[in-house]
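1. how would this look folded up:
(2 chains)
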Amino acid sequence: MDEQVYDPQAIQAKWQPRWEELKPFAVVEDDADPRPRRYMLDMFPYPSGDLHMGHAEVFAIGDVVARYWFLKGYNVLHPIGWDSFGLPAENAAIKRNAHPAEWTYGNIDTQAASFQRYAISFDWTRRLHTSDAEYYKWNQWLFTRFFERGLAYRKGGLVNWCPNDQTVLANEQVVAGKCERCGADVIRRELTQWYFKITEYADRLVDDMARLEGGWPDRVLTMQRNWIGRSTGADVEFEIEGRKDPVTVYTTRPDTLYGATFFVVAADAPLAAEIVTEEQRPALEAYRAEVAKLSDIERMSTEKEKTGVFLGVHAINPVNGERIPVWAADYVLADYGHGAIMAVPAHDQRDLDFALKFDLPVKVVVHTGMADPGETGKATPGEGKLVNSGPLDGLSKAEAIEKIVEILAGRGTGKATVNFRLRDWLLSRQRFWGTPIPIIHCGECGEVPVPDKDLPVVLPDLRGEALAPKGVSPLASATDWVNVPCPSCGGPAKRDTDTMDTFVDSSWYFLRYLDPKYDDGPFDVAKAEKWGPIDQYVGGVEHAVLHLLYSRFFTKVLYDMGMITWDEPFLRLLNQGQVINGGKAMSKTLGNGVDLGVQIDNFGVDAVRLTMVFAGPPEDDIDWADVSPAASLKFLARALRVMTDASGAGTDFAAGDLELRKVVHRTIDEVTKLVETHRFNVAVARLMELTSAARKAIDSGPGAADPAVREAAEALAVMLSIVAPYTAEEGWERLGHQPSVARATWPVADPALLVQDSVTAVVQVAGKVRDRLEVSPDISDTDLEALALSSEKVKAHLDGAPRKVIVRAPKLVNIVP
RNA sequence: GGGGUUGUAGCCCAAUUGGCAGAGGCACAUGACUUAGGAUCAUGCCAGCGCGGGUUCGAGUCCCGCCAACCCCA
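-> Here you go, the predicted structure:
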């Protein structure tokens, strides 16, 4: 019987074109539509070639949620687009002597075709690409608004520089001292760059995370909190001998001020060069050259041997007037706090390491009960009573902090303050394939934004060798493009030649989806009010601090601009795991990659999707060596056979076999709860049980004609469609329904069919099961106890009257002899 | 070094949130149907829950300590 043979490729070929006609997921924007709205968003892909196993997992998981919502009757927005600016396109263009757009849009077309085949429930009419001028025009428009609000500014300073990619990087893009993208060691360079003032939002970014509790994974919230790194402490002013103005340091431990025995300035801070004596200057210069080669991570590592140079001057401890030597060192960072610290070696390990290395005094001011740090080499950062600290003696840490801040404030030499680890977002890049920064530099007028009417500033047509990295932006070589009249005075001026970090593109794309052709602004404000914020966001945990932090920042700025009424973009976040192979991440170099296309050719789209969903909890990694798409295929064949066999069954469900009906409704009830709580793997297991129950009913129960068999098959088709849409659609048709199953209604369990006639009560004696009793589900504790105590099997284990009987009707009795 | 997550059959994973350790799948074994089986169907096998304590009538579940793996931060 041919129709019984399950041929996934044939079913795909049959349904894919039908769906393209039916467009079951196109959103109808109709204000009269009474259905509640839901916005489902997958992190959009970078077009680096065809889709791979990682994409297959995220999008399969996101699609389960989206399709579930469609079937539950929500008006669902589920869009797709491409994060299509970025370095790989540029590198490919250099290699092939081509334009980055060729590689980019070629890959996008490939991925789009794969998505169609993979049957994700996208509304294709909202497709966008961030490398389209009609998209990046609005990056420029937003940049201009940020500039006007003082949130985009240019400053000189030490920046992270990737010598391989020949561009600067944001702090977030430097991982363990290496370029996040290419792995090269990042070095520090002094450059003038554009920044977004994300630090102005640091407090709100921390505080508002309280509202995300429960909706976001805790670990992501923790990672963002750590990244922002809010700490409370104090600014303290120290006089430096020979310098007019005092120098401010930030400390989280102002209570230990009496224990400060030396003073450290970041070697690369301007202050070091300013105050160093002429004798010591050559030593400092040599030292600075060494330090420049190190990353922040290396500099702050507690493992690293401490280095430093005495600057030849002394500072005055403001509370006790002690003269303490001033050193330059690399373990203090120029851009954290004020680039200088008071060193308290007794109670800070790094300060202690430094003191021991250079033979500086160690003075204990907190009595912690631990051995003298000067002897042991172990600092005592814990709490205790203050000692050797004048007016602070005898106080606890909290009391001492309060008191010292009061004393300092009274003298005008210090104050309580909050400090952040978060730095401003360095957004300019010296590369081509990105959004040009819409600023014109004029000798007379300074930085002049390109007027809105002249946007977009379109990229000049550069290709091949012209894009090769050379330390300045390739845009600088496009002379015709660079030289423009100043919009303000009309005099000769030059365009800014840097492009924006591509994280700008992804910081607001979810708003552009609402109407990607919208021409009166970056997005339609009315639609943002209707659809936003995103109800469910799905993507990888690797974006825990980068993309998710930037998007939150943009959302808050847009809120402040009055363009949206919500100030957190993503209400719920699901981080799916990675697909690995043999315990290791799939990679080209390891040669352990698994080709998605080959898997689909062998097992079909549905089997691959099912494998992804069934492998385990969505947030866990999937080891491809542990799963079996062949087994998934087998199940789908069984399911389709059940749906086929049920096609002749009766339609009067109420007349169906009661036992099977109960299974059906219990399954509906459980699967619904499991999908709601994202336990998709368990939901699939329940569908497998339902399939087996229906199979048994057909073969050795009431038979294929029983209406309960149809009820089971139809519930199966609808519920299975969120994971395996092709198989479900084919089954739905064989059951005599019009396509598409995507427009069906999620089944509802009948409460009357969920109640059980009897349950098994377990009777334990001293915790050991001695008997099982079939009892009514609403038996009383007293009745159940009596029943249990009269059991012969129980009596056999009892010697006289029990000491205690615990009854949990209707499930359990435990008798303590 | 600090913080977090996880640890249940040979393997991937469940367990109504304190109540019979097993739902589903893989692998394996046996049988049925078969020219055949790497198809299909049926049946079966396998752990006492990472280790050690504690609370409790009762602990995979709660508490403490330890070990291991992974992830963040240093």
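
2. say whether RNA strand B is contacted by stretch A:613-620.
-> Yes. Stretch A:613-620 lies within reach of RNA strand B by Cβ under 7 Å from any atom of the strand, at A:614, A:615, A:616, A:617, A:620. Just so you know, the C-beta spots here come from the backbone N, C-alpha and C atoms, and that holds for glycine as well.

3. dihedrals phi and psi, the last one?
-> This means residue A:620. With angles defined as degrees, to the nearest 10, residue A:620 sits at phi -80, psi 150.

4. how many residues are close by residue A:458?
-> For residue A:458, the neighbour count with other Cβ atoms under 10 Å is 11.

5. once you drop chain neighbours, what's closest to it?
-> Once flanking residues are discounted, residue A:458 sits nearest to residue A:133: 5.3 Å by Cβ to Cβ, 6 or more residues apart in numbering.

6. which bits of the stretch 401-550 of chain A sit near RNA strand B?
-> Counting by Cβ under 7 Å from any atom of the strand, the stretch 401-550 of chain A sits next to RNA strand B at A:421, A:541, A:545.

7. pull out the buried members of those residues.
-> A:541, A:545 (16 or more other Cβ atoms under 10 Å).

8. for the closest residue to residue A:682 other than its chain neighbours, what are its contacts?
-> Spatially, and ignoring its direct neighbours in sequence, residue A:682 is nearest to residue A:674 (5.0 Å; Cβ to Cβ, 6+ apart). Shown in contact with residue A:674 (Cβ atoms under 8 Å, 6 or more residues apart in numbering): A:680, A:682, A:683, A:686.

9. likewise residue A:596?
-> By Cβ under 8 Å, 6+ apart, the residues touching residue A:596 are A:50, A:51, A:52, A:53, A:55, A:56, A:114, A:608.

10. for chain A, what's the longest helix?
-> Criterion DSSP state H: the longest helix present in chain A is helix A:680-700.

11. what is the neighbour count of residue A:600?
-> 23.

12. so it sits against residue A:117, correct?
-> Yes. With contact defined as Cβ atoms under 8 Å, residue A:600 counts as touching residue A:117 (7.3 Å).

13. returning to what we had before: is the residue nearest to residue A:458 in contact with residue A:456, as I believe?
-> Yes. Using Cβ under 8 Å, residue A:133 is in contact with residue A:456, at 4.8 Å.

14. comparing these two, which residue is more hemmed in?
-> Using other Cβ under 10 Å, the more surrounded residue of residue A:133 and residue A:456 is residue A:456, with 19 against 13.

15. I'd assumed residue A:140 was in contact with the more buried one.
-> Yes. Taking contacts as Cβ under 8 Å, residue A:456 lies within contact range of residue A:140: 5.8 Å.

16. and the helix or strand encompassing residue A:405, what's buried?
-> Taking DSSP states H and E as the criterion, the element that holds residue A:405 is helix A:397-411. Counting neighbours by 16+ other Cβ under 10 Å, one finds that the buried residues in helix A:397-411 are A:397, A:400, A:401, A:403, A:404, A:405, A:407, A:408.

17. so which residue is smack in the middle of chain A?
-> Among the residues of chain A, the one closest to the centroid is residue A:544, at 3.3 Å (Cα atoms, centre = their mean).

18. and the next helix or strand past the helix or strand of chain A with the lowest mean pLDDT?
-> When each helix and strand of chain A is scored by mean pLDDT, DSSP states H and E, helix A:296-300 comes last, with a mean of 65. Beyond helix A:296-300 in the direction of the C-terminus, DSSP H and E gives the next helix or strand as strand A:308-316.

19. what strands line up against that next one, and which way round?
-> strand A:231-240 (antiparallel), strand A:323-329 (antiparallel) (DSSP bridges).

20. the ones you listed: which one's closest to residue A:186?
-> Closest approach to residue A:186 among these (Cβ to Cβ): strand A:323-329, 20.4 Å.

21. who touches the longest helix of chain A?
-> With Cβ under 8 Å, 6+ apart as the test, helix A:680-700 has contacts from A:61, A:64, A:610, A:613-618, A:635, A:638-639, A:641-642, A:645-646, A:657, A:660, A:663-664, A:667, A:670-671, A:674-675, A:703-704, A:706, A:708-709, A:712-713, A:715-716, A:719-720, A:723.

22. just the CA atoms of that helix, as CSV, please.
-> C-alpha atoms of helix A:680-700 as CSV (Å, rounded to 0.1, in the frame of the first residue of the first chain):
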residue,chain,number,x,y,z
PHE,A,680,9.0,20.4,24.5
ASN,A,681,10.9,17.1,24.7
VAL,A,682,8.4,15.8,27.2
ALA,A,683,5.5,17.0,25.1
VAL,A,684,6.9,15.0,22.2
ALA,A,685,7.1,11.9,24.5
ARG,A,686,3.4,12.3,25.3
LEU,A,687,2.6,12.5,21.6
MET,A,688,4.5,9.2,21.1
GLU,A,689,2.4,7.6,23.8
LEU,A,690,-0.8,8.9,22.2
THR,A,691,0.3,7.4,18.9
SER,A,692,0.9,4.1,20.5
ALA,A,693,-2.4,4.2,22.3
ALA,A,694,-4.2,4.9,19.0
ARG,A,695,-2.3,2.2,17.3
LYS,A,696,-3.3,-0.4,19.9
ALA,A,697,-6.9,0.7,19.7
ILE,A,698,-6.9,0.2,15.9
ASP,A,699,-5.1,-3.1,16.0
SER,A,700,-6.4,-4.9,19.1
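
23. dump whichever helix or strand comes after that helix to PDB, restricted to CA.
-> Helices and strands here follow DSSP H and E; after helix A:680-700, the next one along the chain is helix A:707-720. Extracted C-alpha coordinates of helix A:707-720, given in PDB (Å, rounded to 0.1, in the frame of the first residue of the first chain):
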ATOM      1  CA  PRO A 707     -14.800   7.700  16.600                       C
ATOM      2  CA  ALA A 708     -12.300   7.900  19.500                       C
ATOM      3  CA  VAL A 709      -9.600   6.800  17.000                       C
ATOM      4  CA  ARG A 710     -10.400   9.800  14.800                       C
ATOM      5  CA  GLU A 711     -10.400  12.000  17.900                       C
ATOM      6  CA  ALA A 712      -7.000  10.700  18.700                       C
ATOM      7  CA  ALA A 713      -5.700  11.100  15.200                       C
ATOM      8  CA  GLU A 714      -7.000  14.700  14.800                       C
ATOM      9  CA  ALA A 715      -5.600  15.800  18.200                       C
ATOM     10  CA  LEU A 716      -2.300  14.200  17.200                       C
ATOM     11  CA  ALA A 717      -2.300  16.000  13.800                       C
ATOM     12  CA  VAL A 718      -2.800  19.400  15.300                       C
ATOM     13  CA  MET A 719      -0.400  19.000  18.200                       C
ATOM     14  CA  LEU A 720       2.300  17.300  16.100                       C
END
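
24. elements contacting helix A:707-720?
-> Helices and strands in packing contact with helix A:707-720 are listed as helix A:629-645, helix A:658-676, helix A:680-700, helix A:725-734; criterion 3 or more Cβ pairs under 8 Å, 6 or more residues apart in numbering; DSSP states H and E.

25. what angle separates that helix from helix A:629-645?
-> In terms of direction (axes from the mean of the first three to the mean of the last three Cα atoms, to 10 degrees), helix A:707-720 departs from helix A:629-645 by 140 degrees.

26. hmm, helix A:707-720 touching RNA strand B?
-> No. Using Cβ under 7 Å from any atom of the strand, helix A:707-720 stays clear of RNA strand B, with a minimum separation of 12.9 Å.

27. could you give the angle of that helix to helix A:725-734?
-> Here the directions of helix A:707-720 and helix A:725-734 differ by 150 degrees (the same axes, to 10 degrees).

28. how about helix A:707-720: buried residues?
-> A:707-720.

29. export the residues you listed as JSON lines, with columns for pLDDT.
-> Below are these laid out as JSON lines (pLDDT from 0 to 100):
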{"residue": "A:707", "pLDDT": "93"}
{"residue": "A:708", "pLDDT": "93"}
{"residue": "A:709", "pLDDT": "93"}
{"residue": "A:710", "pLDDT": "94"}
{"residue": "A:711", "pLDDT": "95"}
{"residue": "A:712", "pLDDT": "94"}
{"residue": "A:713", "pLDDT": "94"}
{"residue": "A:714", "pLDDT": "95"}
{"residue": "A:715", "pLDDT": "95"}
{"residue": "A:716", "pLDDT": "95"}
{"residue": "A:717", "pLDDT": "95"}
{"residue": "A:718", "pLDDT": "96"}
{"residue": "A:719", "pLDDT": "96"}
{"residue": "A:720", "pLDDT": "96"}
